[in-house]
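**Student:** This is the structure alone, sequence omitted:
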């Protein structure tokens, strides 16, 4: 008899918990989320540089992407313990790169481009930049850092891109 009473109590409590959760879900559906659309995806300087990169990549056999998560570009080998994998993943999961150039045929990453403004001059930013530099060096993805300017020469940027893309390739011969 006592067991039956306990089972009935457990069932009633479970039903109440489910009802409360369902009410919370319904309330969430009715309550607007606080998210708002950004007016622009790029800052003015990023947009200016994007326009130059877009012209360059459309002439070459490249695809241009922007604001790509580092976690989508990189993976961690299985031989790393799950605890270490979690730690390494956490170091990149909320970060993105400014621009990514990919091979048009395979959509494989060829070059990461970071647009550096004056905010990259702080000690904290320099530490973050050094980390990102090492990440991409060790992952064997070339990284090009470009200082923000009022004007970008397509020829100069293409020259820098090609230098980074073909850097070290002649050493293999």
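**Tutor:** Cool, the structure landed. Keep in mind that this is a model prediction, so the values were computed, not measured.

**Student:** which one is the most centrally placed residue in the chain nearest to, not counting chain neighbours?
**Tutor:** In the chain, the centroid-proximal residue (CA atoms, centre = their mean) is residue 69; its distance is 1.2 Å. Among residues not flanking residue 69 along the chain, residue 96 sits closest, at 5.1 Å (CB to CB, 6 or more residues apart in numbering). Every residue, glycine included, has its C-beta placed from N, CA and C.

**Student:** what about the one you found, distance to residue 4?
**Tutor:** Remark: distance between residue 96 and residue 4 (CB to CB, to the nearest Å) = 58 Å.

**Student:** All the strands of this structure, residue numbers only.
**Tutor:** 62-69, 96-103, 109-116, 143-147 (DSSP state E).

**Student:** list the buried ones in the first one?
**Tutor:** By neighbour count with 16 or more other CB atoms under 10 Å, strand 62-69 contains the buried residues 62, 63, 64, 66, 68.

**Student:** now what about it, what contacts it?
**Tutor:** 41-42, 46, 50, 53-54, 56-57, 93, 95-104, 107, 110 (CB atoms under 8 Å, 6 or more residues apart in numbering).

**Student:** Now list the buried members of those residues.
**Tutor:** Among these, the ones that count as buried (16+ other CB under 10 Å) are 42, 46, 50, 53, 56-57, 97-102, 110.
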